[in-house]
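Asks: need a structure here:
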Amino acid sequence: AQYLCVDSNVHSPRLVRSSGRSPSDKSSSSKGGIWMDRNEVLASLKSQMVRCLENLKAVWKFREKIKIDVGTPVSWDNEEHENMLKSLWSHLKPDIGFPGRKHPHWKSLGFQGEDPQTDFRGGGVLGLRALLYWAENHSEMARQIINTQPEKVEQQYPVSTAGITISAHLATFLGVKLITLNNKSKPELKGISESPLARALSRSFGRDELDAEGLFFELFSVLMKALDARWKKSGATYFEFNTVLKGLSEELTEILEQEPYYFGVVIKQLQIKT
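Replies: So this is what the prediction gives:
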C-alpha cells in the first residue's frame, strides 16, 4: 500500500511506500504530518486543481465584463441605462417621484450636476451598476450616507460621484487599465498574476455564496461606507477628497498584499477598520 504524509508545516506531501504496516506504525517519520491514503490524496488534489482552474476562468470572464463596462458610456438614449438610473432614484429617494433626465434634484443624490449622465464619464456603466447594487442591496445605509452630509457646505462631498470614482479605482485593482491612443482611452487587461484583487476573488469560490460580481460589488459597498466614515471623522473638505480616497486605497492594498485566503477576509478587515 502507499500513503502520503502531508506535512502540516510546509503543506508539501511526501510519498512513503509501506510494507503492510499501518500509518500509525510510521509515527517516527510522520512527525508534524498527517498520514492519508495516497489515492484519496491524489483524487482530492485533482479535484482542487479542477476547481482552481474553473475559478480562474470565471474571474477572467468577469474581468472581461468589467473591461467592457468601464469602456461603455452611460447614456439616456440607452433604454437599459435609463431604467437603471430610474431604479437608482427610486431606491435612494423613494418618497420623491422621478425628476426627469435633467433636474437640480439629482444633486441631492450626490451628483455634481443636474444631469447624472455626465458624471459617469470617468467610470462608464460600471459606476452605474455599482451604485445601483449598493442602492438595491444596502438601501438603508446608502440613504443614510446621502442624507447625513455635514452641515458645512465645504465639508460635503458628492456621494454618487465618489462612488463612480471608487468603482473605477476597483477596476484598476482587478487589472483593468486605460490605454490612451489617439486621444481616446481604451481599457485593457493585465494578467491575473499582476492583479491582487483578481487573485483574492479566484480563491473565494466555494467559501462565499456570491459569485465574482457579487463579491466585487459587496466590496464596493463596504468601501462606500468606509469612505464616508473616514470623511466625517477627519472633517475633510471637498478639496481633500483625493487624499481621503488615497488613504482608503492604501488600506486595501495593504490587505491584498497579505494574500488573504478568501475574499471574506478582505471585507471583514475593512469593516473592522471602519
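Asks: from here on, contacts and neighbour counts on C-alpha atoms
Replies: Will do.
Asks: Export only the CA atoms of the helix or strand hosting Gly163, formatted as CSV.
Replies: For Gly163, the host element (DSSP states H and E) is helix 159-173. The C-alpha trace of helix 159-173 is given here as CSV (Å, rounded to 0.1, in the frame of the first residue of the first chain):
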residue,chain,number,x,y,z
VAL,A,159,-21.6,60.8,-2.8
SER,A,160,-22.6,59.3,-6.1
THR,A,161,-19.7,60.8,-8.0
ALA,A,162,-17.4,59.4,-5.2
GLY,A,163,-19.0,56.0,-5.9
ILE,A,164,-18.2,56.3,-9.6
THR,A,165,-14.6,57.1,-8.7
ILE,A,166,-14.4,54.1,-6.3
SER,A,167,-15.8,51.7,-8.9
ALA,A,168,-13.2,52.9,-11.5
HIS,A,169,-10.5,52.5,-8.8
LEU,A,170,-11.6,49.0,-8.0
ALA,A,171,-11.4,48.1,-11.7
THR,A,172,-7.7,49.0,-11.7
PHE,A,173,-7.2,46.7,-8.7
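Asks: Could I get the buried residue list for that helix?
Replies: 159-173 (16 or more other CA atoms under 10 Å).
Asks: and if you look at stretch 241-257?
Replies: 241, 244-245, 248-249, 252, 255-256.
Asks: Which of those residues fall within helices?
Replies: 241, 244-245, 248-249, 252, 255-256 (DSSP state H).
Asks: All the strands of the protein, residue numbers only.
Replies: Counting by DSSP state E, the chain has strands at residues 2-7, 13-17, 33-37, 176-181, 184-189.
Asks: Lowest mean pLDDT across these, which one is that?
Replies: When these are ranked by mean pLDDT, strand 13-17 comes last with a mean of 43.
Asks: who's in contact with Lys93?
Replies: Arg143 (CA atoms under 8 Å, 6 or more residues apart in numbering).
Asks: what is the mean pLDDT for stretch 198-210?
Replies: On average, stretch 198-210 scores 69.
Asks: Same question for stretch 90-99.
Replies: pLDDT averaged over stretch 90-99 gives 95.
Asks: what bits of the stretch 1-150 of the chain have low per-residue confidence?
Replies: For the stretch 1-150 of the chain, residues meeting the criterion pLDDT under 70 lie at 1-38, 40-54.
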